[in-house]
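Colleague: mind looking at a prediction? Sequence and model below.
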Amino acid sequence: MQPTDTNPSRDDENGPGEKNLAITARDIHVTYEDGTEAVQGVDISVRSGEFFGFLGPNGAGKTTTIKTLVTLLHPTQGTVQINGYDVSENPTAVCESIGYMSQETSVDKEFTARENVRFACKIYGVPEGERAQRVDELLELVNLLDVADKRAETFSGGMKKRLDAATALVHQPPVVFLDEPTTGLDPEARLTFWEYLQSINDHGTTVFLTTQYLEEVDRLCDRLSIIQDGQLLTTDTPDSLKSDVGGDILKLEVTDTSSQSIDSAERVVRQSDVFDDPSVKTTESGLRIRDRNARERTSELFVSLHEADITVTGFDIRSPTLDDVFVQLTGEQSNSDGKEPSKTEAEAEAKQRVMK
Ligand SMILES: Nc1ncnc2c1ncn2[C@@H]1O[C@H](COP(=O)(O)OP(=O)(O)OP(=O)(O)O)[C@@H](O)[C@H]1O
């Protein structure tokens with residue numbers, strides 16, 4: 001993990017900041033043949049050794065951006081440098097110095113886990129004498145050594161993802177790009193995968209991660225960008241973004257959940273002098289209020305609501321999360337809860353654990 005410096009290109013005692021950057025994208029635009037302007041002037045600077053998150057709603061331009069960074073798409077405009085190599089002038093050097101895990105699995109199901117990783121070693125030119133040891137090390141890292149000689153077709157989704165990640169790392173790249181690596185995994189498989197990502201980052205690997213899980217970013221990432229409609233909305237540390245939300249979140253549940261009653265509760269919140277400048281949203285069961293004084297003045301609000309004959313049946317006060325940041329900036333709910341694995345996937349993972 002990196003210190004929480006919000007300006008990665010600033011000079012420091014190691015010399016000019018640009019020299020410490022693993023990923024530099026300047027004003028990149030990508031327009032597809034049908035005219036879709038998927039990326040519209042994105043700037044990204046990621047330090048060597050940094051764990052960087054890339055978030056955005058569906059269709060925001062995450063995959064297009066990551067494909068541009070790993071040379072699979074040519075930017076219509078702008079420049080990209082990875083590990084000091086320009087992607088247009090020296091794509092081969094870029095490819096040799098990165099690992100990329102796409103959303104689609106590249107695992108060959110007919111092969112065993114060991115054969116898959118050994119094949120990747122061959123493709124990436126790992127010297128023959130080093131291959132056996134490298135394969136064992138990587139399979140151990142992703143917790144698949146005990147099923148190394150089982151065919152990948154017998155693996156659950158989570159195991160295939162981990163095998164995919166191992167194959168992306170055979171050439172020990174200093175930078176890895178991961179496009180939604182944990183989508184579709186059950187919570188336990190996701191946790192195992194997070195530990196694995198943390199451990200490769202602890203060993204010095206720069207990680208660029210796109211994901212829909214905000215908790216994943218909060219736990220793992222030093223900094224993150226949020227993209228929407230092809231443009232960056234913000235880049236900062238998780239803590240700074242959460243504190244920028246400005247105030248705590250108070251959720252209220254009221255007895256009468258008719259729209260008339262909830263509307264009058266909203267009027268009380270806005271018109272009473274309890275809060276200075278509250279942001280108020282109605283929910284199915286009451287209100288969601290964000291205000292600097294939400295924590296201190298809750299009881300005063302309850303008195304005002306009581307005077308207006310509105311009965312509060314429950315409440316919850318909490319600090320802002322990245323979900324709140326995401327909603328505030330994009331105006332959309334994150335998909336954090338919307339992409340849980342199907343029951344079949346979760347069952348398959350559980351079955352594999354029993355088999356092991
Ligand atoms: N090959 C293509 N041709 C034309 N438009 C495309 C193509 N691929 C993606 N798009 C469009 O470009 C925009 C950005 O898509 P992209 O896949 O980069 O978004 P994303 O943030 O990765 O979305 P998701 O989270 O759903 O994977 C969307 O409007 C998408 O429909």
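Modeller: That came in fine, so what should we check first? Numbering: from 1, shown residues only.
Colleague: going forward, measure contacts between C-alpha atoms and count neighbours the same way
Modeller: Noted.
Colleague: centroid residue for the protein?
Modeller: Of all residues in the chain, the one closest to the mean position by Cα atoms, centre = their mean is Thr211, 3.3 Å from it.
Colleague: was I right to think that one contacts Phe52?
Modeller: No - the pair Thr211 / Phe52 is not scored as a contact, 10.8 Å apart, by Cα atoms under 8 Å.
Colleague: which strands and helices lie in contact with the lengthiest helix in the chain?
Modeller: Longest helix in the chain, counting residues (DSSP state H): helix 187-202. If contacts are counted by 3 or more Cα pairs under 8 Å, 6 or more residues apart in numbering; DSSP states H and E, helix 187-202 sits against helix 157-168, helix 214-220.
Colleague: keeping just the C-alphas, turn the helix or strand just after it into PDB.
Modeller: Per DSSP states H and E, the first helix or strand lying C-terminal to helix 187-202 is strand 206-210. Output of strand 206-210 as PDB, limited to C-alpha atoms (Å, rounded to 0.1, in the frame of the first residue of the first chain):
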ATOM      1  CA  THR A 206       1.100  -2.100  -9.100                       C
ATOM      2  CA  VAL A 207      -2.600  -3.100  -9.400                       C
ATOM      3  CA  PHE A 208      -5.200  -1.400 -11.600                       C
ATOM      4  CA  LEU A 209      -8.600  -2.700 -10.700                       C
ATOM      5  CA  THR A 210     -12.000  -2.100 -12.200                       C
END
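Colleague: what's across from Ile44 in the sheet?
Modeller: When bridges are called by DSSP bridges, Ile44 pairs up with Ala25.
Colleague: show me the contacts for it.
Modeller: By Cα atoms under 8 Å, 6 or more residues apart in numbering, Ile44 lies in contact with Ile23, Thr24, Ala25, Arg26.
Colleague: from the ligand, how far off is Gly56?
Modeller: 6 Å (Cα to the nearest ligand atom, to the nearest Å).
Colleague: that residue contacts Gly230, doesn't it?
Modeller: No - counting by Cα under 8 Å, Gly56 sits too far from Gly230 to count as a contact (9.4 Å).
Colleague: phi and psi next, for Glu37.
Modeller: phi -90, psi 80 (degrees, to the nearest 10).
Colleague: per-residue pLDDT, the residue nearest to it when sequence neighbours are not counted?
Modeller: Excluding the flanking residues, the one nearest Glu37 by Cα to Cα, 6 or more residues apart in numbering is Thr31, at 4.3 Å. Thr31 is assigned a pLDDT of 97 by the prediction.
Colleague: which residues touch Thr31?
Modeller: Thr31 makes contact with Glu37, Ala38, Val39, Pro75, Thr76, according to Cα under 8 Å, 6+ apart.
Colleague: what helix or strand does the residue nearest to the last one when sequence neighbours are not counted sit in?
Modeller: Right, Thr76. Take Thr76 and drop its neighbours on the chain: the residue closest to it by Cα to Cα, 6+ apart is Val30, 4.9 Å away. Secondary structure from DSSP H and E places Val30 in strand 21-31.
Colleague: briefly note if that strand comes near the ligand.
Modeller: No - contact of strand 21-31 with the ligand (Cα under 6 Å from any ligand atom) is absent, the minimum separation being 8.0 Å.
Colleague: for that strand, buried residues please.
Modeller: Leu21, Ala22, Ile23, Thr24, Ala25, Ile28, His29, Val30, Thr31 (16 or more other Cα atoms under 10 Å).
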